[in-house]
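A.B. asks: below is the structure, and that's it, no one-letter string:
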C-alpha cells in the first residue's frame, strides 16, 4: 500500500514553491520507503495541472502506485 501524505490535489499560485508532503509505504514483505520512485514535471512558473506519479515495486514484483495533481493558477 502506497499512501500519500497531505492532499491529493494541491493548489499553488504561479511562482509559489511546491513542497512535497511525502508518502508512506506498507508492505508485508519488504521495507520500501526509500525505494519509492517519483515521476514529476511540476513547473510552478507556468499555469497548468501537473501530475506526480509515485510508484514502488516489492521483491515479489508487485507494483503499487499513487497519483497527486498540482494545480498552478494565476
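C.D. replies: Alright, I've got the coordinates. Bear in mind the structure is a predicted one, so any value in this text is a computation, not a measurement. Numbers count the residues shown, from 1 in each chain.

A.B. asks: where does pLDDT dip in this structure?
C.D. replies: Scanning the chain for pLDDT under 70 picks out nothing.

A.B. asks: please enumerate the strands of it.
C.D. replies: 2-4, 9-13, 23-25, 37-39, 48-57, 63-73 (DSSP state E).

A.B. asks: any chance of TSV for the ones you listed, columns mean neighbour count?
C.D. replies: Using the backbone N, CA and C atoms, a C-beta is placed for each residue, glycine as well. Formatted as TSV, the strands of the chain follow (neighbours: other CB atoms under 10 Å):
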stretch	mean neighbour count
strand 2-4	15
strand 9-13	13
strand 23-25	16
strand 37-39	11
strand 48-57	16
strand 63-73	15
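
A.B. asks: including distance to residue 31, could those strands go into TSV?
C.D. replies: Below are the strands of the chain laid out as TSV (distance: least, CB to CB, whole Å):
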stretch	distance to residue 31
strand 2-4	13
strand 9-13	27
strand 23-25	8
strand 37-39	16
strand 48-57	11
strand 63-73	14
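
A.B. asks: how far away is residue 53 from residue 38?
C.D. replies: 7 Å (CB to CB, to the nearest Å).

A.B. asks: I misspoke; the intended subject was residue 61.
C.D. replies: Applying CB to CB to residue 61 and residue 38 gives a distance of 20 Å.

A.B. asks: ok, now residue 18?
C.D. replies: 12 Å.

A.B. asks: do residue 26 as well
C.D. replies: Distance from residue 26 to residue 38, by CB to CB: 18 Å.

A.B. asks: same question for residue 55.
C.D. replies: Counting by CB to CB - residue 55 and residue 38 are separated by 8 Å.

A.B. asks: try residue 48
C.D. replies: For residue 48, the distance to residue 38 - CB to CB - is 18 Å.

A.B. asks: number of residues surrounding residue 35?
C.D. replies: A total of 14 residues lie near residue 35 under the criterion other CB atoms under 10 Å.

A.B. asks: tell me the contacts of it?
C.D. replies: With CB atoms under 8 Å, 6 or more residues apart in numbering as the criterion, the residues that contact residue 35 are 25, 56, 57.

A.B. asks: before I go, just wanted to say thanks for your time.
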